[in-house]
Every structure is written in structure tokens, then in C-alpha cells.
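K.L.:
Quick one, structure for this:
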Amino acid sequence: MVWHPANVIERAMAWALATGNYARYFTAFTGADLYLPRRAGDDPDGYGEPVTAELAGRTVLPVFTSDEGLLAAYADQLPDLIVVVSYEDLRDDWPSPQWRLAINPGSPIEAYLPVDLVDPGARGELGPGDPDVLIWQPGQGESGGPGRPAAPTRRCSTRWSTATARSTSTRCATAW
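P.N.:
From the prediction side, this is the model:
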């Protein structure tokens, strides 16, 4: 299946990665409506429990910049709820400082990092060479280059299971 950006935000993120403009990538992300998969639960606000995944021994919270991206990632098992939030709300209500943010997992515009690095990223203070950030790079193939973990590739897709709260694909299981 060939990936296509679902909206102007995803086009901007794809362009930013293709040109190495990581500040633009994070700026586009921070301006997007963010789609979060949730499980039904006893949350008094009715927003359910966050769906997480385990990746390289870390808990990640998958966040998508389009409902199409979320639905493609969860095609085998749809989440109970989808909550749409701003980046500011996501950052301010981040569930755990140990969790990592998984931006558009399974797509060519995916990135994995601590949520508190998004703002510095938007200011141009980090990029794919930062040891706490994993960003897929076009043309990079399987190798992340010297000193970097293997990068996710475009040929596979990550499926996230709401039942097991784990990725059902090991393609992105790299060490930070």
C-alpha cells in the first residue's frame, strides 16, 4: 500500500523530512489537530484510557495528524474512541514523563521522542542526530547511519493492538 498525505499538515511534514527541515516538521506537528486512539474505560470525563504500545522497551503513546492515518494503523482492530486534541493540550496533560511520543507510527512521516523535545524541535534545536529522537529519513533505507539506530522503513506498516497494548509489527523496534 502506498502512503499519501491525508492533509496539508502531513504534506508539510513530508516535505520537511524530504528537505531535512526538522524545525518545520515539528512546527507543522504542533499546529495539527491530533488524533489519539483510546480504549473505553472508567474515565469520569468519558475520554477513555490511552492506547499505548511497547517499542524498544519503552512505552509510547501513538498520536496521528489525521484520522486516515489512525484508521490505517488500526485497520485490524479499531480503537473504542478517537479523541482529537491540540498539541498544547497533549503536552500539558502528558500521562507519564517516562512515555515517548510516537508521531504517525507506521507512516513515512513517523517520529519517536520524549514529548518535551517537540518544542525545542520546532525551534530548530534538534534533529535526527539527537540520541533521544528517531525520525524516519527518506532514502535512508534500513540503516540509521553511523552511531544511529536503524530507521523505520517505508515498505512496512506498524499495526498497534488495543487488546495487547503492543505493536504487532517489530519493524520499528529499535534502541534509542
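
K.L.:
and Leu34, what does it touch?
P.N.:
By Cβ atoms under 8 Å, 6 or more residues apart in numbering, the contact set of Leu34 is Val63, Phe64, Thr65, Val84, Val85, Ser86, Tyr87, Leu90. Any C-beta I mention is one placed from the backbone N, CA and C, and that applies to glycine too.

K.L.:
next one: phi and psi at it?
P.N.:
Torsion angles at Leu34 (phi, psi; degrees, to the nearest 10) stand at phi -110, psi 130.

K.L.:
partners of it in the sheet?
P.N.:
Judged by DSSP bridges, the bridge partners of Leu34 are Val85.

K.L.:
quick one on the thing from earlier: narrow the contacts of Leu34 to just the buried residues.
P.N.:
Among these, those scoring as buried are Val63, Phe64, Thr65, Val85, Tyr87, Leu90 (criterion: 16 or more other Cβ atoms under 10 Å).

K.L.:
What helix or strand is the closest residue in space to Trp99 that isn't next to it in sequence located in?
P.N.:
If the residues on either side of it in the chain are set aside, Trp99 comes closest to Thr59, at 4.8 Å by Cβ to Cβ, 6 or more residues apart in numbering. Thr59 is part of strand 58-63 when elements are defined by DSSP states H and E.

K.L.:
Can you tell me which helices and strands that strand packs against?
P.N.:
Contact analysis of strand 58-63 by 3 or more Cβ pairs under 8 Å, 6 or more residues apart in numbering; DSSP states H and E lists strand 34-39, strand 53-55, strand 100-103 as its packing neighbours.

K.L.:
Which neighbours in the sheet does the shortest one have, and how are they oriented?
P.N.:
Strands that pair with strand 53-55, judged by DSSP bridges, come out as strand 58-63 (antiparallel).

K.L.:
Gly46: neighbour count?
P.N.:
Gly46: 10 surrounding residues under other Cβ atoms under 10 Å.

K.L.:
That one is in what secondary structure piece?
P.N.:
Judged by DSSP H and E, Gly46 forms part of no helix or strand.

K.L.:
quick one: it from Arg123, how far?
P.N.:
35 Å (Cβ to Cβ, to the nearest Å).

K.L.:
Would you map the strands across this structure?
P.N.:
Here the chain has its strands, by DSSP state E, at 34-39, 49-50, 53-55, 58-63, 81-85, 100-103, 111-113, 134-135, 160-161, 166-167.

K.L.:
For Leu70, find the nearest of those.
P.N.:
strand 34-39 (4.6 Å; Cβ to Cβ).
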